[in-house]
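# Return a 3D structure for these sequence lines:
(one chain, ligands or ions: 1)
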Amino acid sequence: MIISCAYHDERYRLTNMLASYGIKDPVLSAFDNTPREAFVDKRYLAYAYEDRALPTLLGQTISQPSLVALTLQELSLKPTDVILEIGTGSGFQTALLSQLVKKVYSVELLPQLAKIAEIRLKRLRNIELITGDGSLGWLTGSPYDAIIVTAAFTQVPDPLSAQLRTGGKLIMPIGKAEWQELMLYQKLNDGLVALRKISDVHFVPLLGKYAYMAR
Ligand code: SAH
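Below you'll find the model as predicted:
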């Protein structure tokens, strides 16, 4: 990833803020190594290092940095992990994940967004991008050590819990269209168990066969 000097101070401020929220290495260094300005829409460049979600194309968003940091830290990812991300979006979280684990499979429903993410991420060799309905998961890479869903639905789609390994963790915003709870789950022998709520959140809806049906 090419780090531009132009945003050095802004990136430093953001990682300091994340550190004050309790974010530690390796998540903190991943933020330090990832140029968020390369993942935001040109119109919003001035806000690239603000701690807020920003609009991208087609009514979608790039998630708020502190929420992404918390999500990644909660999963206690290991360098040997194989991860599934549903909702590539801008590709920012995918770029962070690629520095924390062995392999990232990331699924994006909208071809236009998937194409842009592919260009941004092409130098990162341990990422496999899939264009399609992530509510079905992605059988090829399963079972996953962790699954991160960055779009919301009322429940975890069945194929996702099926493709998580026993002991693996899953994070997903659960709730109605307007507001949701970012929930942390773990798969035990009897199935998925909710461990706790991480935060109240507002994510875009998860569309697809096991989620809100696409129009
Ligand atoms: N982590 C991303 C967040 C993107 S917003 C970022 O920070 O940029 C959520 C994304 O989920 C959107 O790009 C949306 O198109 C995508 N999405 C919605 N339903 C999906 C589905 N069934 N499969 C894959 N992606 C989906």
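
# Does the one helix or strand in the chain whose mean pLDDT sits lowest pack against any helices or strands, and if so which?
The least trusted helix or strand in the chain, going by mean pLDDT, DSSP states H and E, turns out to be strand 61-62, with a mean of 92. The helices and strands touching strand 61-62, judged by 3 or more Cβ pairs under 8 Å, 6 or more residues apart in numbering; DSSP states H and E, are strand 54-55. For glycine as for every other residue, the C-beta is placed from the backbone atoms N, C-alpha and C.

# Can you give me the first-to-last residue distance of stretch 122-131?
Terminal residues of stretch 122-131 are spaced 15 Å apart (Cα to Cα, to the nearest Å).

# average pLDDT across it?
Confidence over stretch 122-131, taken as the mean pLDDT, stands at 96.

# Just the buried positions in that stretch, please.
Along stretch 122-131, these residues count as buried under the neighbour rule (16 or more other Cβ atoms under 10 Å): I127, L129, I130, T131.

# Return the distance of stretch 97-108 from the chain's centre.
From the chain centre to the centre of stretch 97-108 is a distance of 9 Å (Cα atoms, centre = their mean, to the nearest Å).

# ok, that stretch near the ligand or not?
Yes - Stretch 97-108 comes into contact with the ligand when judged by Cβ under 6 Å from any ligand atom, the residues involved being V107, E108.

# Can I get that stretch in PDB? Just the C-alpha atoms.
What follows is stretch 97-108 as a C-alpha-only set of coordinates in PDB (Å, rounded to 0.1, in the frame of the first residue of the first chain):
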ATOM      1  CA  LEU A  97      -7.800  -7.100   7.700                       C
ATOM      2  CA  SER A  98      -5.200  -8.100   5.100                       C
ATOM      3  CA  GLN A  99      -2.500  -6.900   7.600                       C
ATOM      4  CA  LEU A 100      -3.900  -8.800  10.500                       C
ATOM      5  CA  VAL A 101      -4.600 -12.300   9.100                       C
ATOM      6  CA  LYS A 102      -3.400 -14.900   6.700                       C
ATOM      7  CA  LYS A 103      -6.300 -14.700   4.200                       C
ATOM      8  CA  VAL A 104      -9.300 -12.500   3.600                       C
ATOM      9  CA  TYR A 105     -12.300 -13.400   1.500                       C
ATOM     10  CA  SER A 106     -14.500 -10.400   1.000                       C
ATOM     11  CA  VAL A 107     -17.900 -10.400  -0.800                       C
ATOM     12  CA  GLU A 108     -19.600  -7.300  -2.200                       C
END
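
# List the buried residues of that stretch.
With burial defined by 16+ other Cβ under 10 Å, the residues of stretch 97-108 counted as buried are L97, S98, Q99, L100, V101, K103, V104, Y105, S106, V107, E108.

# Identify each buried residue in the longest helix anywhere in the chain, please.
In terms of residue count, the longest helix belonging to the chain (DSSP state H) is helix 8-20. When neighbours are counted by 16+ other Cβ under 10 Å, the buried residues of helix 8-20 are found to be E10, R11, L14, T15, L18.

# Tell me the confidence at A214?
pLDDT for A214: 67.

# now do A6
In this prediction, A6 carries a pLDDT score of 75.

# How about it, nearest residue that isn't a chain neighbour?
What sits nearest to A6 in space, not counting adjacent residues and going by Cβ to Cβ, 6 or more residues apart in numbering, is E37, at 7.6 Å.
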